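Visitor: Based on what follows, work out the 3D shape:
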Amino acid sequence: MPYFTHGETKYKLMILYITEHAGSLLSADQLYRTAILNSEMDHFAFWNAVGELLEDGMLAELRKPFGDCYGITDAGRDALSMFEKSVPESERRKLDAYLAENRDSFARETQLSSRIEKHANGATLHLSVTERDRVIFSVSLDTPSEEQAIEMRSRWDEAGESIYNFVWDALLARQK
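Guide: Numbers count the residues shown, from 1 in each chain. Purely as a prediction, here's the structure:
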């Protein structure tokens, strides 16, 4: 009969499992959502486990154009390979299903990014499209208020791809 871990050790192994099987680096929000929605882990347990994994060198925090993200290190892979089976198979299958179901949306979230820069006359909304860790499209819009920048930003995830394609097509269109 296998030995199953509990508490902090289990949470750490689950986070390592998620980062190993995600298929790509995950943003902090993606890692958090995956862990919280697929375990009994709470907010404080999650961030405590992440902090300890970073401190122990099993998880790496990396800066990317779309923001900070997390990936497993070689030390984390070694630990996971030794203790992966101590996370129940049913929980590993649940994580695998969730990661497979969300892989495309995770990739999309890291391809379309935005940030707001407040200033005295309103705010500047910076929007970008990233592909393979390289910004391939960016636009900055000055808005009269932060509220308007927030409203425009909320539509970026939905409209970003079509805006990018429209600009690309318009700039490459040949005169008839």
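Visitor: mind listing what's buried in stretch 41-58?
Guide: 41, 45-46, 49-50, 53, 58 (16 or more other Cβ atoms under 10 Å). C-beta: built from backbone N, CA, C; applies to glycine.
Visitor: meant to ask about stretch 161-176
Guide: The neighbour-count check on stretch 161-176 (16+ other Cβ under 10 Å) flags 163-164 as buried.
Visitor: contacts for it?
Guide: Residues from elsewhere that reach stretch 161-176 (Cβ atoms under 8 Å, 6 or more residues apart in numbering): 108, 112, 129, 137.
Visitor: I'd like to know how far the third one sits from G23.
Guide: The one in question is V129. Remark: distance between V129 and G23 (Cβ to Cβ, to the nearest Å) = 20 Å.
Visitor: Compare these two (neighbour count), which wins?
Guide: Applying other Cβ atoms under 10 Å to V129 and G23 shows that V129 carries more neighbours, namely 22 against 11.
Visitor: Let me know whether that one touches I136 as I believe.
Guide: Yes. Look at V129 against I136 with Cβ atoms under 8 Å: they come within range, at 5.5 Å.
Visitor: how does this protein divide into domains?
Guide: Using automatic domain parsing, the domain parsing of the chain gives 7-110, 111-172.
Visitor: Can you pull out the low-pLDDT segments for this structure?
Guide: 1-6, 65-67, 132, 174-176 (pLDDT under 70).
Visitor: residue ranges for the helices of it, please.
Guide: Under the criterion DSSP state H, the chain contains helices at 7-21, 28-37, 43-55, 74-83, 89-111, 146-172.
Visitor: hey, which of those helices is tucked in deepest?
Guide: Neighbour counts (mean count of other Cβ atoms under 10 Å) averaged over each of the helices of the chain peak at helix 7-21, with a mean of 20.
Visitor: helices or strands up against that one?
Guide: Packed against helix 7-21 by the contact rule (3 or more Cβ pairs under 8 Å, 6 or more residues apart in numbering; DSSP states H and E) you find helix 28-37, helix 43-55, strand 59-64, strand 67-72, helix 74-83, helix 89-111.
Visitor: so which of these gets nearest T124?
Guide: With Cβ to Cβ as the measure, strand 67-72 is the member of the helices and strands packed on helix 7-21 nearest T124 (17.4 Å).
Visitor: Could you list every helix and strand that the closest one packs against?
Guide: Counting contacts by 3+ Cβ pairs under 8 Å, 6+ apart, strand 67-72 packs against helix 7-21, strand 26-27, helix 28-37, strand 59-64.
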